[in-house]
Structure formats: structure tokens, C-alpha cells
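Student: I need the structure of the sequence given here:
(chains A and B, ligands or ions: 2)
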Amino acid sequence: MVSSSLRIHELCKRYGDFVALAPTSLDVAKGEFLTLLGPSGSGKTTMLSLIAGLAHPDEGRILIDDTDVTRSPAYARDIGVVFQNYALFPHMTIEDNIAFPLKMRKVADAEARRRTAEALETVHLPHVAKRYPRELSGGQQQRIALARCIVYRPAIILMDEPLGALDKKLRDQMQLEIKRIHRELGTTIVYVTHDQEEAMTMSDRICLMNAGAIEQLGTPQDLYFRPRSVFVADFLGESNLLKATVRGVDGEGLDIVLTEQAAASRAVGNGSRFAAGEPIKVMVRPQNLVVAEAGSGMLSGRITDVMISGSLTRLYIAPETAGLPQLVAAHPTRSGSAPYEIGQRLSLGWHAADAVAIHDGGI
Amino acid sequence: MGAPLVLLLVLFLVYPVGQLLLLSVYGDNGFTLAPYRQLFASSVYLDVLLITLKISLATTLVCVVAGYPIAYLISVVGKERKATLLFWVLLSFWTSFLVRAFAWIVLLGRNGVINKTLISLGIISSPASLLYNFGSVLVGMVNALLPLAVLTMLSVMENIDRTLPRAAATLGARPGMAFWKIYFPLSLPGVAAAGIMVFVTAIGFFIVPALLGGRRETMITQLIIDQVQQTMNWGFAGAISVLLLVVVLVVFAAYDRLLGLSTMTGGSASRNTAPSRLSGPLTKAGDALLTLLGAISDRIILLLPSRRRERNLDQAGMGLQVFVWTMLLIISAPTILMIPLSFGNGGLNWPPQGFTLHWYETVLNSPLWTQAMLRSLLVGIGTGLLAMLIGTPAAFLLVRSDIRGKAAWLAFILSPIVVPRMIIAVGLFYVFAQMGLVGSAFGLVLGHTVVAVPYVVMTMMAVLRNYDTRLDHAAQSLGAGPIATLRYITFPILGAGMMSSFLFAFATSFDELTIALFATGGLNATLPKQFWDEVTLQVSPAIAAVSTCLFVFMGLLIFVAERLRRRAAAR
Ligand SMILES: Nc1ncnc2c1ncn2[C@@H]1O[C@H](COP(=O)(O)OP(=O)(O)OP(=O)(O)O)[C@@H](O)[C@H]1O
Ligand SMILES: [Mg+2]
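Tutor: Ligands and ions are numbered 1, 2, ... in the order given. Model (predicted):
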């Protein structure tokens, strides 16, 4: 098992006046699966190209196992890249494609053949060895790209939206495959996607990017339950956001006043510091919004829409208090329970532990 | 829909060429092989064939080797620089062969720029004779055909996925390896296509060897001209034509055996590069050779100062840029140097002296020149319209319908490019003489349409392939009938493409000399014919004036065509 740690220090990339990546630092541990997540144009591919050596940073350093590689060319970095469009060489057979990196490393022919076969075995495609890339389906090409990458056991593998072109079912299958390979090889993987579900299920840590900078870095749970900003709360899953003001801080807990209802309540912090009097947003995830008989909860509203998406039932609710945004509540779909009706009046509440305070980014 | 095109080609390509070939074995007294006996009786004609092959091969080699870096640079640089580079290639491509050959006469002459410069630098003391030898022919030929080679290779290189060499780099390939093992094999279909296009065109050339070559650089097409114009020996002209045609067909057959003719249609072939038909051991040898080249290049790169090794993958090296601009300068400069000479009153000697509009007045006051200009415009527009009218429906048919034997039809339609122009021209002359079409503008339009229509069909096919037919379906679902769909959707979107293929046909006709050489029948010359008559008679500054006019006219035309193309691409 080969695997390296990766350290990025104040890395920066500009195109003319445009800052594609603001000075950014990031540490990836040996064997970690880190996902770069973010909206289109947020600098994910830029970051990946810089790490791979396909683009050159304007400032900053890149270290692999504490060796500075900022100035070394792509071919000398021992980094594997799985490109979004696979980038299989159309004029070579699958076998030759996979053997290419071994050839470049002057691995003996017999050994190369053995390892190629092994890599094909790993991705469950030993029968396509003699074919050309265009004779393969999209999913198969994807797996070959993966095989070509793992065959030379690079210390770090970078993947740029490798599953972007696949349909849902194949995606799920490939996610498992990639996770399995990660487990078996223990390679450090930096993975790019803009699919938040994919990021949540696969990653040890997620690095959420926005406008060329890191918005938040942490475990999926961190990002989901303790978002540092409204942007993070919004980007990962659905959320209900209510305006509030901090009254007082005691340890992890906060005394707050919800602005629209002028009601006192409690919330937990997201790990950053809050000051009394500070305007904030309070986030409650849909599954934590407790729906009850009218008149019993903190606020009340009417159902505007009911959506049953398989295992989850979502209720869209228009609060009666003026100025509040539409809220969404979700809970597991139960057969035989009394159906909700549009226009039905409900009461809404939540446990203090499920209300997370976030600095108001002004969104 | 394809019927008019088939009719045109049968009547004015197959029939005339067939006639000419028939004449070689069918004299006044029935079947005869006399012309062939004459052909092989002495070594004179075979020597000419060998010289033709030698010149063509040398031209092809230089064009491909020098053109490759140019095409490569154009395919990798950013948008703006690409437009600039492309403009110079296109300008050269479109500038009349005659104008460019004439410019070299002036440039290489005893009192030309090169001799004068060398003398003033003290490198030589008296003018060297640079003209009328193998070197001057080669320079002229390369100048004539380099743009074609560049454009052919470019069409393939532009379709090569840029991430592939990058992927190779991440897999551990050094730059030299990534180029030779990945990029180069992918660009090979373009190289092959360029090679055969240049070779086949070169073999049928007569302008350059006639103007820049001496007696020992006579090419086979010149023999045909002599036979027809001086001795009216149709049988012998036919026999030489057969020889020429056989050589061309052998070249094509060899090409097909090695690489497959499908690679010639450029774009589509490159996208899903077929494994070449080269058999196992040959492929292995090729692979080993590429690996070796890669290793050598990387060694050389390692010798460079390290600062240069680190540059960005996509940045073109200084050496490459210098080379490309030098080549572009060499192919454009001669024509541009004509401009100051045309305003001078010191003849065609360098440096130009004084300023006069005398030569322009001479040309404009000469009814020969003005009528030739009008005639060329007329014939060009006629050709453009007729080629569009006949070619567009055929392109629709080939792209949109599932007719059987598409490849064969395409080969037939493209055959006017393959058959040496000279053979078509002589055949047409013979047939036109029977039909009383010699010297008529109509005959010229027909002849020019035959050679222009393949380009129209190819351009229109490319345009149609890129056209999203769902737009038509959308229009129809919105209630538009077939005619309304064509009128409001299809044609407006295809407009720019149609305009540019019209211009292509126009320019082909406007610069056409071979057919005009005979079909004008000595009277009613077109501009190139008039130019040719004058140039072969005497080299005068008036011709420099005409050259300048043609150059400026073509420059404007490309500018307009390029604008249209870009507008079409922007949609
Ligand atoms: N070569 C370039 N020249 C100029 N700007 C560029 C270049 N490459 C990227 N950019 C810009 O840098 C920004 C970041 O691009 P990047 O490709 O990293 O985004 P991304 O996060 O990968 O987006 P996506 O999810 O759409 O792939 C974008 O705004 C993009 O327009
Ligand atoms: Mg990207």
C-alpha cells in the first residue's frame, strides 16, 4: 500500500484579473478520502489541476509527504488523475491504455502484463482487454480510466467528477466500487463533485468551495449539522433558516430571540464565537422540524404542498407570521397514517439541540 | 435531388475524360497503340515522368514537414492569435498561384530583392542565377501548396482532445513521450491526408514549373499542353493523360491499402481514429520508433536550461513560434513585395524607385485586361451560383438520407479533385469543340462548376452535419410545413455556411487557369488566362499592378468569408 499525505499552502491561481483560486491552504492525510464540493466555477478543477501539475500556481506551495513539488512537472509527481471525460487514448487498445503508465515507468513487459490483467480484474472487466475505447460503454470506459490510474499505484489519486456522465444507477454502483478500491488500496484520494449526496456518502472529509475559496472544511456530519455559513447550510441539503438575535452565550448554548415572532428560544452554536446582540440565522433541518396539532408549537402555518418521494414525505408550509419564509418539514413516509391535506393548519416546533446558530452572511 | 450533380459530372467529367482516354487508342484509322509506342520509344517522356515524381515528392515532403509545426501551433494557441495565424495561411492559400509564382520570378530575378540584398551585404559580388532550376521550382511549389498542407492537417489536429497529452503527463510521460506516443499518432491521419492532397495536386501542376523552372524541370502536364496547343496531337495527349492518371490512381490505391481512404475526409476519421490497417509487425515497429523518438526528444529537452523545461504545458515554445512566423513570412512576403514595385517606375528592380500610378492606368486602359476582369467576375459568380444550386441538394441527400452506397457516391462527387485538372481541361476542350462551347462564358461556367462543386458539397455536408435537426422537428411540431421550415429555420441558420461555400466556388473559378487555358479558345480570356499570356510573353510591372489588385481583392474576400464563418460558428 502506497499512500502519501498532501499539503497545500497558500496556493493561488489567477487568470488575468480573475482570481480562480484565492490563497488557499489544505491538508490531506495519508489514505484520506477528501471531496472538493462546490457550485460550478468555484475553483474545484483549478485546484485539482494545480495539484496534478497541469496548471502552475501564481503563489503558494504544494507538498507531497513533506516534499515540495510545486515546481515539478506533472509526470514526475506520482499523482494519478481520472479525468472527467476519461481521456482514454483512442488509438490504443484498453490493454495498451492501462499498460501506458507502466511503460513510462519502464516496468518489464511480463510484469506490466500481469499488473494490467490484475487492474482489469479489479474493475471487473477482464474481457475487454483487446478492445478500443470507443467499443466500450460509458460506464465501462469510466472503470478503465480508474484501472489505468490504479495500475501504477500512485500515492495520490485525483478524480474530477468521474461519475458526472453516468446515470443514477451506474453512479451508485461506481461509488461503491471507488469506495471499495479506496479501502483496499488505502490510497489518498481527492475527489471532485458537485453532487452533495455523493460527497456526503463517500468522503472522510468534505471541502466546500465557493468563489475560489474554501467555505468550510470538515466531516460530512460537521458540514451538515454545524454549517459555518448560510451558504454551507443552503448548499448541503435542505434547510429552514430563521432570523434571530443573540441574547446571551453560555458554553455551547445560546439564548436567542426569533426576530419575526419576537419569541425567546435556545439554539446551539456551530463552533464559532457569537457575541450578545449579534444578528444571526437559526437553521433547523427539515427532519428536525416537529409537526403537531395546531396551537401547540412555537409557530403555526398552513400546508401548501405535500411531496412524497419514496421513503420521505415533505411538507411545505407557509407560516402565518408575516415575514417568515416558506418552511419545509420532512419525516419518514408511513403507510396508513392519516394523509396530510393542502390547506391544513399545523403547529411547528423543534428541539433546542436541533436549532443551529449561524453567523448571518446577509443572504 | 442528386440528379443534376450526377448529370453534370457524367456530361462534363466522365464523358470528356473518357473521350480523351479513348482518343489515345482510337485514331483516324481505328484502333491503334501508336501513341503509346511513341511514349515509350525514347526515354524522353519517362524522364519527364520521373522529374515530375521527384518534384512532387520533394514538394510533399517539405510541405508536410514544414506545415506540421504551423498547423500544430494554430491548433494550440488562444483564439486571438489563432485568428491572426489563420489569416496569413488563408491569405496565402487564396492568393492566386499565378500571382505567387510571378512574385517569385521577381524576387529571385537578377535584380530581385534577394540578389540585391546579398550584394549589398557583400556576400556575393555579382547577381547569382537563382531562377530556372530545381531549387526555384521547389520554392514555388512549396509556396503554392504549403497552405493546403497546413489546412488539411489543421482540420484533424483541431479535433484531437487536448486532455489526452495532459492525461499522458499525469501517467508519467515526459513531454517528448506524450507528443510522440499520444499526440503524433492521433495527428497521423491529417499528415497522411495532407501528404496525398499535396502530392496529387503537385503532380498535375504546370504553372510553377513553367514559370520558375528551366528545361530540365519540365513536368508532365506541360507536355500535354504542348501536344494540344502546338501540334493538336490528341492521341498523344490522351496517352500522356492515361500515364498521368495511372500514376495518380496507383498513388491513391497505395494510400488506400496503407491507411484507408476514409481517413481522407478528415474530421470524422480523426474523432474515432480507426486502427490503421497496417499489420502487426509494422505496427510494432512504428510503436518502437515512436518510443525512441519520444526518448530522444526528452533527452534533448533535458539539455535545455531548466527554466525552459518548466513552462506550462500549453505554451508553445519560442523556437516553434519563430519557425512558424518565418515560414509564414516566406510564403506571404513575395506577394506583399509586389505592392511597392507596382507603384514604382524603375521596372521590377529592387528597391522600388519613385511613385507612379502609370501601371495601374495601363491596365485599366487596356480593354484586354478590363474585359478579362469582367469576364472572370461573371464566370465566377455563375460558377458560384450553379455549384450551390447543384451541390447543396446533393449534400442534403448525402447527409440526411440513407441512400445505398454513400461512400461510392461521395467518391464519385469528389473525383474532380482527384483526377488531374489538366486531364479534365483537355477533355473538356475536345468536347466543347464538338458542342461549339469553346470561347463561351457558359462553357467556362460548366467547366469551373465541375471542379468547384466537390468543395461546395464537402462544405455543405460539414455544415449540415453540425446542424441540429431537432430544430426542424421543433418547427414542424409548432405547425410549420416543410417549405416554411426550410424558409424560416433551415436556410437562415445555414445561411453563413452557404455563403462561404459560394465564396469558395467563386474563388476557385476566379483563380482557375487550367480549364480556361483551353476553353477560352484564345479569345475572350479570363483574368488568370490574360495574366498567363502576359507573364509568358514578358514580365512587366503592369503585372505587378494586377497582382496587387488581385491580392487586395482576395484579402477582402477572405476577410468577409472569415467573418461569415465566425458568425455561423457563434450560433
Ligand atoms: N483557462 C482559463 N482562463 C480563464 N478563466 C478560467 C480558466 N480556467 C478556469 N477559469 C475560470 O476559473 C473559475 C474556476 O474554474 P474551475 O474550472 O476550477 O471551476 P469548477 O469548480 O471546476 O466548476 P465546474 O463544477 O463547472 O467544473 C471559473 O470561473 C472559470 O471560468
Ligand atoms: Mg470542473
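
Student: strands of the stretch 51-200 of chain A, start to end?
Tutor: A:59-64, A:67-68, A:79-82, A:156-160, A:188-193 (DSSP state E, counting those that start in this stretch).

Student: so how far is the last one off the chain centroid?
Tutor: Using C-alpha atoms, centre = their mean, to the nearest Å, we find the averaged C-alpha position of strand A:188-193 to lie 9 Å away from the chain's own average C-alpha position.

Student: what's the answer for stretch B:467-475, then?
Tutor: That offset, for stretch B:467-475, works out to 35 Å (C-alpha atoms, centre = their mean).

Student: ok, and what's touching it?
Tutor: For stretch B:467-475, the external contacting residues (C-beta atoms under 8 Å, 6 or more residues apart in numbering or on different chains) are B:400, B:484-485, B:488-490, B:493-494. C-beta: built from backbone N, CA, C; applies to glycine.

Student: same thing but at 7 Å, please
Tutor: Residues outside stretch B:467-475 that contact it (C-beta atoms under 7 Å, 6 or more residues apart in numbering or on different chains): B:485, B:488-490, B:493-494.

Student: about what we covered before: buried deepest among the strands of the stretch 51-200 of chain A, which one?
Tutor: A comparison of the strands of the stretch 51-200 of chain A by mean neighbour count, using mean count of other C-beta atoms under 10 Å in any protein chain shown, puts strand A:79-82 on top with a mean of 28.

Student: where does the stretch 401-550 of chain B dip in pLDDT?
Tutor: Scanning the stretch 401-550 of chain B with the threshold set as pLDDT under 70 gives B:479.

Student: repeat the analysis, applying 80 as the threshold.
Tutor: Applying pLDDT under 80 to the stretch 401-550 of chain B flags residues B:466-481, B:483-493, B:496, B:521-523.

Student: in it, which spans are strands?
Tutor: Going by DSSP E, counting those that start in this stretch, the stretch 401-550 of chain B shows no strands.

Student: could you do chain B as well?
Tutor: B:26-27, B:30-31 (DSSP state E).

Student: what packs against the last one?
Tutor: Taking 3 or more C-beta pairs under 7 Å, 6 or more residues apart in numbering or on different chains; DSSP states H and E as contact, there are no helices or strands that strand B:30-31 lies on.

Student: what is the mean pLDDT for that strand?
Tutor: Mean pLDDT, computed over strand B:30-31, is 82.

Student: any residues touching that strand, and which ones?
Tutor: B:V25.

Student: in a markdown table, list the strands of the stretch 51-200 of chain A along with mean pLDDT and distance to A:I342.
Tutor: Formatted as a markdown table, the strands of the stretch 51-200 of chain A follow (pLDDT from 0 to 100; distance: least, C-beta to C-beta, whole Å):
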| stretch | mean pLDDT | distance to A:I342 |
| --- | --- | --- |
| strand A:59-64 | 94 | 54 |
| strand A:67-68 | 92 | 62 |
| strand A:79-82 | 90 | 46 |
| strand A:156-160 | 93 | 43 |
| strand A:188-193 | 94 | 36 |
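
Student: which one of these lies nearest to B:A71?
Tutor: Across those, B:A71 has its closest neighbour in strand A:79-82 (27.7 Å, C-beta to C-beta).

Student: got any ranges where chain A has weak pLDDT?
Tutor: Using pLDDT under 80, the flagged stretches of chain A are A:1-2, A:164-166, A:251, A:260-264, A:293-298, A:310, A:322, A:334-339, A:361-363.
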